[in-house]
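Undergrad: Got a predicted model here, sequence first, then my questions.
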Amino acid sequence: MRYQVPQFIEVEDKIFGPLTLKQFVYLAGGGGLCLAFFTLLPFYIFVTLAIPVMALSLALAFYRVNDRPFLTSIEHAFGFYTNSKLYLWKQRPPELVQKQAAIQPITPAMVPKLSESRLKDLAWSLNIKQTNE
C-alpha cells in the first residue's frame, strides 16, 4: 500500500475564493468595524477612523515582512517594547554589600621586657659582631 505524502504543507488552503481563512477573517473584521463606524459616527469621524482600520486589516491579511506574517512583526514589536532589556555593553559596577565585622578588642603587641643590663649586653654583642666583620 502506498500512502500519499502531503506536499506544500507550509501553504495555507484557499477557502474563500483566492483568500485563506485568516485573510478572510481579517478583511471581514475590518469591514465590519468600518460598517459600524459608518452607521454610528458622522462622516468625517468615520473617514478618519476607517482609513487606519482598513490599512491594518489589509496589512494583516496580505503584507509579509521577511516572508513572515505582519501579525508576527506586531507581536515581536510589542514584546520588544514591553519586556525588560539587558544591555551587555553598559556595564554597571557590582553592588557592594557591606558586612559588619564583629568588633574585637585590640590587644597590644607583646613587647619583651628588657632590663638595662640586658640592653647593655645586647649592644656590646652587636658592637663586637660589627667590628669582626
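TA: Thanks, I have the structure now. Numbering: from 1, shown residues only.
Undergrad: secondary structure element for the spatially most central residue of the chain?
TA: Nearest to the geometric centre of the chain sits K85, at 2.8 Å (CA atoms, centre = their mean). For K85, there is no enclosing helix or strand under DSSP states H and E.
Undergrad: OK, contacts around Y44?
TA: Under the criterion of CB atoms under 8 Å, 6 or more residues apart in numbering, Y44 has no neighbours. In short, each C-beta sits where N, CA and C put it, glycine included.
Undergrad: correction: F16
TA: So F16 contacts Q23, F24 (CB under 8 Å, 6+ apart).
Undergrad: Show me the helices in the protein, by range?
TA: Taking DSSP state H, the helices of the chain run over residues 21-40, 43-62, 70-82, 116-132.
Undergrad: which helices and strands does the shortest one pack with?
TA: By that I understand helix 70-82. Helices and strands touching helix 70-82, as assessed by 3 or more CB pairs under 8 Å, 6 or more residues apart in numbering; DSSP states H and E, comprise helix 43-62, strand 64-65.
Undergrad: hey, which of the ones you listed is tucked in deepest?
TA: Highest mean neighbour count of the helices and strands packed on helix 70-82: helix 43-62, a mean of 15 (counted as mean count of other CB atoms under 10 Å).
Undergrad: got any ranges where this structure has weak pLDDT?
TA: 111-114, 129-133 (pLDDT under 70).
Undergrad: if we go to 80?
TA: Residue ranges of the chain with pLDDT under 80: 1, 6-14, 16, 87-94, 97-119, 121-122, 124-133.
Undergrad: Could you report the distance from K99 to R92?
TA: 21 Å (CB to CB, to the nearest Å).
Undergrad: again with Y26
TA: 44 Å.
Undergrad: go on, K14?
TA: For K14 relative to R92 (CB to CB), the value is 54 Å.
Undergrad: cool, and F24?
TA: 51 Å.
Undergrad: which of these two has more neighbours?
TA: F24 (15 against 6; other CB atoms under 10 Å).
Undergrad: Ignoring the adjacent residues along the chain, who's closest to the more buried one?
TA: In space, and not counting its chain neighbours, F24 is closest to F16: 4.4 Å by CB to CB, 6 or more residues apart in numbering.
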